[in-house]
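requesting a structural model of the entry that follows:
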Amino acid sequence: MKTRIHATAGLVGFLCILSFWSSTAISELFGSYDNITCIKNMVLCGMFILIPAMVIVGASGMSLGAKRKDPLTKAKKKRMPIIALNGLLVLLPSAFFLASKASAGEFDTMFYTVQAIELVAGALNLTLMGLNMRDGLRMTGRIARSR
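Residues are numbered from 1 along each chain as shown. As a prediction, the model looks like this:
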């Protein structure tokens, strides 16, 4: 049961970040300022889903891997602090900053600089979370381990 909760929370977190990242990229490339503002505010609303999912995946992962010493578990344990710190120190503050700037209609150099940083940080988290998901699937035998 704990494995299923962990996997579900991880998938929810991954899909949240993926939807935030892709909607941001699409709105920046093809949307109006009103569209960008709407997306920035929706990302903030989505934090009410993302943050609990990430807490659950982190706590359940620590519980599941507490006594494990295998290479896949070690790799996942190394990635998780990077994911968490990137989320807490870069992505979350960026989301608040960008929503505030967009709501004020301030689409200036600072907005786009932080937006670029947010997109890079989001891509990093998606990559690391994807690797963790792959390793989790290997640990459960759902996909074959690499040789």
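
for the most centrally placed residue in the chain, what are its contacts?
Per Cα atoms, centre = their mean, the C-alpha nearest to the average position across the chain is that of residue 17, at 4.1 Å. Residues near residue 17 by Cβ atoms under 8 Å, 6 or more residues apart in numbering: 50, 91, 122, 125-126, 129. From N, CA and C alone the C-beta is placed, and that goes for glycine too.

which strands and helices sit next to the strand or helix carrying residue 130?
Residue 130 belongs to helix 109-139 when assigned by DSSP states H and E. Counting contacts by 3 or more Cβ pairs under 8 Å, 6 or more residues apart in numbering; DSSP states H and E, helix 109-139 is packed against helix 2-30, helix 71-86, helix 92-103.

do you know which of these lies nearest residue 59?
Closest to residue 59 of the helices and strands packed on helix 109-139 is helix 2-30 (Cβ to Cβ; 8.9 Å).

could you give the angle of the closest one to helix 92-103?
Angle, helix 2-30 to helix 92-103, by axes from the mean of the first three to the mean of the last three Cα atoms, to 10 degrees: 30 degrees.

quick check: mean pLDDT of helix 2-30?
Helix 2-30 comes out with an average pLDDT of 96.

and what of stretch 86-93?
Confidence for stretch 86-93, expressed as mean pLDDT, is 97.

put the alpha carbons of it into CSV.
The C-alpha coordinates for stretch 86-93 follow below in CSV (Å, rounded to 0.1, in the frame of the first residue of the first chain):
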residue,chain,number,x,y,z
ASN,A,86,15.1,23.4,-6.3
GLY,A,87,11.3,23.4,-5.6
LEU,A,88,11.5,25.3,-2.3
LEU,A,89,14.3,27.8,-3.2
VAL,A,90,13.7,28.4,-6.9
LEU,A,91,10.4,27.2,-8.2
LEU,A,92,8.0,28.3,-5.4
PRO,A,93,9.5,31.8,-4.9
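
could you pull out the buried residues of that stretch?
With burial defined by 16 or more other Cβ atoms under 10 Å, the residues of stretch 86-93 counted as buried are 86-87, 90-91.
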